[in-house]
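Q: structure for this input, please:
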Amino acid sequence: MKLAIRKVPGIKEPITRIASKGFAIGKLTNQVYTWTTTQIVETSQDEDENGVERQNGQMLHISKAVKIEFKDELPDSPIVEILSHINQTAFLTEGGDVFTIDHNPQKNMVAQKAVKMKFLNRIIKIASGSYHFLALKKVYRPAFKDWTTEMLQKFVVDIGFEDFENIIRNMKLTGAQLEKADRQFVKDNFGLNGISEWK
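A: Numbering: from 1, shown residues only. This next block holds a predicted model:
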């Protein structure tokens, strides 16, 4: 079986990233390109001994690449990653934003526009499965000694110690104070044997 390597027409710059569903990122312009690939099979009229129609040959048709437009916002930093699953393609920017575009077989891709996922930010990595994307977010968490009273309140609620929220608020405790607290202080105010039980 011979494999033919064919150039996608319409892309006149180097490519930095490419996705399996026919998407690529231009290195010079940060432009997103897309194209379609159609396999055309030519068959003969005769059949083999089992009555199965023989395949005479096949041809691969690659459409001219077109530029994808963005619906509301343009990426404000270079696109560093592009991935596809069955229904969508996602673009990750250097600034941590994610844009997606649907694969709609009933609609020309030229008419489709990429949409920014407004609830996603500070994303550093994306991955894809057959029907989903996974995004890894970078979250800054300061050292415990730098925690404010509000941060401590949120923390105890998040880990299931809701009863401690009012104690922290009323005493205006900070991470620095708790870090220096001795066992007796923690036991008297929180009923714990040590801060390590919930830190």
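Q: so which residue is dead centre in the chain?
A: In the chain, the C-alpha nearest the mean C-alpha coordinate belongs to Ile126, at 3.7 Å (Cα atoms, centre = their mean).
Q: residues contacting that one?
A: 81, 83, 90, 92, 98, 133-136 (Cβ atoms under 8 Å, 6 or more residues apart in numbering). Using the backbone N, CA and C atoms, a C-beta is placed for each residue, glycine as well.
Q: quick one, what contacts Ile101?
A: Residues in contact with Ile101 (Cβ under 8 Å, 6+ apart) are 68, 88-89, 112-115.
Q: give me the neighbour count for Asn166.
A: By the criterion of other Cβ atoms under 10 Å, Asn166 has 11 neighbours.
Q: ok, it to Ile68 distance?
A: 52 Å (Cβ to Cβ, to the nearest Å).
Q: one more: Met171?
A: 55 Å.
Q: likewise for Glu162?
A: Remark: distance between Glu162 and Ile68 (Cβ to Cβ) = 47 Å.
Q: the more surrounded of those two?
A: Ile68 (19 against 11).
Q: show me the contacts for that one.
A: 23, 31-34, 101, 109, 112-114.
Q: check which helix or strand covers Glu81.
A: strand 79-84 (DSSP states H and E).
Q: what are the pairing partners of that strand, and which direction each?
A: strand 88-93 (antiparallel) (DSSP bridges).
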